[in-house]
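Q: no sequence on this one, just coordinates:
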């Protein structure tokens, strides 16, 4: 995996220091929406980007300055790890060639439809609750 990425952060602080200003604004905005919708989620680095989880990984924020192999992207990607379980009648999220993950890429804050994103986050939180370990 090391050769798949251009970075290898030891902490979330290193991630924040690395992200270019234009992306940082978007990342912080999306992060605030995530914590507004899922206040009890845990933020941790996985694949050198922030993932948000309770029982399992729920979603992630992937700035294009963090590469994955030779994939070239722009802006900042919000991804849902159990995205295939989300009800997306309006085809807002991108499936690409993935089985589970669904994503949406944003180039600016004004592109973010906060109500739609929150709807998906609340639904993703409900889906995550179904993974709660039985006592």
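A: Nice, I can see it. Keep in mind it's a predicted model, so treat the numbers as computed, not measured.
Q: At the geometric centre of the protein, which residue sits there?
A: The residue lying closest to the centre of the chain (C-alpha atoms, centre = their mean) is residue 60, at 2.1 Å.
Q: Just to be sure, it is in a strand?
A: Yes: counting by DSSP: H, G, I helix; E, B strand; the rest coil, residue 60 is located in a strand.
Q: Tell me what it is bridged to.
A: Beta-bridge partners for residue 60, by DSSP bridges, are residue 51, residue 79.
Q: was I right about it contacting residue 46?
A: Yes: in this structure, residue 60 is within contact of residue 46 by C-beta atoms under 8 Å, at 7.3 Å. Every residue, glycine included, has its C-beta placed from N, CA and C.
Q: Counting neighbours, what do you get for the nearest residue to residue 132 once chain neighbours are set aside?
A: Spatial nearest neighbour of residue 132, chain neighbours left out: residue 55 (5.2 Å); criterion: C-beta to C-beta, 6 or more residues apart in numbering. Look at residue 55: counted by other C-beta atoms under 10 Å, it has 12 neighbours.
Q: where does residue 55 land on pLDDT?
A: The per-residue pLDDT reported for residue 55 equals 96.
Q: State the helix or strand in which residue 45 lies.
A: Assigned by DSSP states H and E, residue 45 falls within strand 42-46.
Q: now do residue 124
A: Take DSSP H and E as the rule and residue 124 turns out to sit in helix 114-129.
Q: Show me what stretch 91-102 is in contact with.
A: Here stretch 91-102 makes contact (C-beta atoms under 8 Å, 6 or more residues apart in numbering) with 79-84, 86, 88, 103-105, 113, 116, 120.
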